[in-house]
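K.L.:
have a look; sequence and predicted model below, questions after that.
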Amino acid sequence: MIGQLRGILMSKQPPALMLDVQGVGYELDAPMTTFYDLPKEGEELMLHTHLVVREDAQLLFGFSTENQRNLFRHLLKISGIGPRVGLAILSGLSVKEFRLCINGEDVVRLTKVPGIGRKTAERVILELRGKQLPGMSADDDAAIAGSVDDIRADAISALTALGYRAKDAEKVIGQLADQSETGKTLSSESLIRHALQALSGGSR
């Protein structure tokens, strides 16, 4: 297994790049999150790598951080997720953003990645939810969960201050958080706005 390469960046044309390691040119594919960190051509570069061996090809993938590579390896273990889809996910989301999607069960955000349909997004969340993924610690997870709870509590408090019954406010906030991305990745202000739209015409 080739786990790391250090050499001179010869060319870069997303998703492909070539790295000259002591006269040997290695062709790699990399996600856009790695391309953002690449130096100019002709400069030295170190990449964490993952080799995929198939009957008809040996594919080498490069990543600017070990967390990116580890997440890529987690994704490859999921049925229906191949290297190309894994690269697409890492191109559209940083490791932290991906972790937030999994923690918040944000299917909508994941389906914005090319090649990811709703069923695939739900399967990814189901497979990875609760697992210790790279890039964030258990303390980070607790902080995220706490921040989501704070957003919901702030929204409920605001609605009751506007005259809505606490029971109605809790119900609509819970529904919005469970059925959409609202309340998971949006601010309390956005959650309140959506809740007011849902409550319009309801009892106060």
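P.N.:
Structure's in. What do you need?

K.L.:
tell me the domain ranges of this structure?
P.N.:
Residue ranges for the domains of the chain, per automatic domain parsing: 4-63, 70-128, 138-199.

K.L.:
and after the lowest-mean-pLDDT helix or strand in the chain, which helix or strand comes next?
P.N.:
Using mean pLDDT, DSSP states H and E, the weakest-scoring helix or strand in the chain turns out to be helix 138-161, at a mean of 63. The C-terminal neighbour of helix 138-161 among helices and strands, as given by DSSP states H and E, is helix 166-179.

K.L.:
what helix or strand is Lys12 located in?
P.N.:
Here Lys12 is assigned to strand 4-13, by DSSP H and E.

K.L.:
partner strands of that strand, with direction?
P.N.:
According to DSSP bridges, strand 4-13 forms sheet pairs with strand 16-21 (antiparallel), strand 44-53 (antiparallel).

K.L.:
any chance of these in JSON lines, plus mean pLDDT and distance to Ala169?
P.N.:
For glycine as for every other residue, the C-beta is placed from the backbone atoms N, C-alpha and C. Below are the strands paired with strand 4-13 laid out as JSON lines (pLDDT from 0 to 100; distance: least, Cβ to Cβ, whole Å):
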{"stretch": "strand 16-21", "mean pLDDT": "97", "distance to Ala169": "52"}
{"stretch": "strand 44-53", "mean pLDDT": "96", "distance to Ala169": "47"}
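
K.L.:
so which of those gets nearest Ser91?
P.N.:
strand 16-21 (13.0 Å; Cβ to Cβ).

K.L.:
C-alpha coordinates for the helix or strand following the closest one, PDB please?
P.N.:
Where DSSP H and E defines the elements, the next helix or strand beyond strand 16-21 is strand 24-29. Extracted as PDB, the C-alpha positions of strand 24-29 are listed here (Å, rounded to 0.1, in the frame of the first residue of the first chain):
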ATOM      1  CA  VAL A  24       9.000   8.700 -11.300                       C
ATOM      2  CA  GLY A  25       5.800  10.400 -12.300                       C
ATOM      3  CA  TYR A  26       2.800   9.400 -10.200                       C
ATOM      4  CA  GLU A  27      -0.700  10.100 -11.600                       C
ATOM      5  CA  LEU A  28      -3.300  10.800  -8.900                       C
ATOM      6  CA  ASP A  29      -6.800  11.900  -8.600                       C
END
